[in-house]
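> Sharing a model that was predicted from the sequence below.
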Amino acid sequence: MRPAAALAAAHVRGAVVAAIAATLTIATAPAAAQTSDAAEPPSFDRPGISFSTDTLPRGAFAWEQGLPDFERNDDGGRRSRLYSANTNLRLGLSERVELQLATSAYNRLSERDGDGRRSRHGAGDTGLAVKVALPSSHGAFSWAVLGAVTAASGARDFSNGATQYTLGTTLGYDFNERVAGALYFNLDRSDGADTWTWSPSLSFALSDRTAVYVEAGMSHSDHASTTSVAGGGVTWMATPRVQLDASFDVGLDRNSPDLQGGLGASFYFD
């Protein structure tokens, strides 16, 4: 690895380690008094490109599951369909800190070209993350950071192939009781290459149980073309602790997936 690349990798790894160390310090501090709002589940992280600025209360647990998530590509004479059972498990460590475990226990990839059709399946990589909701002096503004390390533990066709370090942040603003906006920035570093992603989004509460959102996203990787997508989705609180979702993003250029999205369910326990 070149000296400059090694220095950049050290910075990303150091930032992730520092975030985890700070989290452990906060998590071991005495728990803050619970407010009346704690009885309501925080926002789930799915669906969408960004993650929410909410964290779970100490001891609370959330399970977010793709049923499944999908990606479709048609590139000339080659067609591919990927279906993934993405899972994100969240555990509240303190008032503002949570631990996350993300994986995809099952993936299925179907490809068709001039030589016929092939199908493969297997597990994906597994990542451990720490999410911290940062303090804000403005009631309408919220923000959170997330540091993660993802091991290349999956099957060859569904693995990144190298350990990935992630550092991301979401900035949120409530314009009123029904409309909210978010801006997401993220850096992934893996095998000496950086991938930068940013995504703006707007969400609209249609009722106390139903909300819709629109989003756009752009990613740029070293030695690769920039990709861009746009789309949206809908969430519905089937019960006060169960959310169902549907989402999609369409590619805006030839280098992006033609269509990606999914169906999902999220469950909150305290």
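Everything's here; your move.
> residue ranges of the helices in the stretch 1-150 of the chain, please?
Taking DSSP state H, counting those that start in this stretch, the helices of the stretch 1-150 of the chain run over residues 3-27.
> Just give me the longest strand of the chain.
strand 97-113 (DSSP state E).
> If you count neighbours, what's buried in that strand?
For strand 97-113, the neighbour count (16 or more other CB atoms under 10 Å) marks 97-100, 102-104, 106-109, 111 as buried. (Glycine included, C-beta is placed from N, CA and C.)
> Given that strand, what are its sheet partners and their directions?
strand 78-92 (antiparallel), strand 116-122 (antiparallel), strand 126-134 (antiparallel) (DSSP bridges).
> What ranges does this protein have for its strands?
So, for the chain - with DSSP E - the strands run 61-75, 78-92, 97-113, 116-122, 126-134, 141-151, 164-174, 179-190, 193-205, 210-221, 227-239, 242-251, 259-269.
> Average pLDDT for the fourth one, rounded please.
Translated: strand 116-122. Across strand 116-122, pLDDT averages out at 93.
> List the contacts of it.
106-112, 154-158 (CB atoms under 8 Å, 6 or more residues apart in numbering).
> out of those residues, who's nearest residue 76?
Nearest to residue 76, judged by CB to CB, of the contacts of strand 116-122 is residue 112 at 11.8 Å.
> pretty sure that closest one contacts residue 79?
Yes - if you go by CB atoms under 8 Å, residue 112 and residue 79 touch, sitting 4.7 Å apart.
> picking that back up, how about the strands of the chain in CSV, adding distance to residue 55?
Shown next, in CSV, are the strands of the chain (distance: least, CB to CB, whole Å):
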stretch, distance to residue 55
strand 61-75, 10
strand 78-92, 6
strand 97-113, 5
strand 116-122, 32
strand 126-134, 4
strand 141-151, 7
strand 164-174, 12
strand 179-190, 15
strand 193-205, 18
strand 210-221, 20
strand 227-239, 18
strand 242-251, 16
strand 259-269, 13
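> sorry, back to before: common neighbours of residue 112 and residue 79, please.
By CB under 8 Å, 6+ apart, no residue touches both residue 112 and residue 79.
> any idea how far residue 227 lies from residue 112?
As defined by CB to CB, to the nearest Å, residue 227 lies at a distance of 23 Å from residue 112.
> beta partners of the residue nearest to residue 86 when sequence neighbours are not counted?
Leaving aside its sequence neighbours, residue 86 sits nearest to residue 66 (CB to CB, 6 or more residues apart in numbering; 3.9 Å). Residues in a beta bridge with residue 66, per DSSP bridges, are residue 264.
> ok, now residue 82?
Going by DSSP bridges, residue 82 forms beta bridges with residue 71, residue 109.
> so what's it up against?
By CB under 8 Å, 6+ apart, the contact set of residue 82 is 70-72, 107-110.
> Could I get the buried residues of strand 97-113 in JSON lines, plus columns for distance to residue 59?
Putting these into JSON lines (distance: CB to CB, whole Å) gives the following:
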{"residue": "97", "distance to residue 59": "12"}
{"residue": "98", "distance to residue 59": "11"}
{"residue": "99", "distance to residue 59": "12"}
{"residue": "100", "distance to residue 59": "15"}
{"residue": "102", "distance to residue 59": "20"}
{"residue": "103", "distance to residue 59": "22"}
{"residue": "104", "distance to residue 59": "26"}
{"residue": "106", "distance to residue 59": "29"}
{"residue": "107", "distance to residue 59": "32"}
{"residue": "108", "distance to residue 59": "36"}
{"residue": "109", "distance to residue 59": "38"}
{"residue": "111", "distance to residue 59": "44"}
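> I'd like to know which of the strands paired with strand 97-113 is closest to residue 252.
It is, among the strands paired with strand 97-113 and with distance given as CB to CB, strand 78-92, at 18.8 Å.
> Buried residues, the closest one. List them.
So strand 78-92, judged by 16+ other CB under 10 Å, has buried residues 80-88, 90-92.
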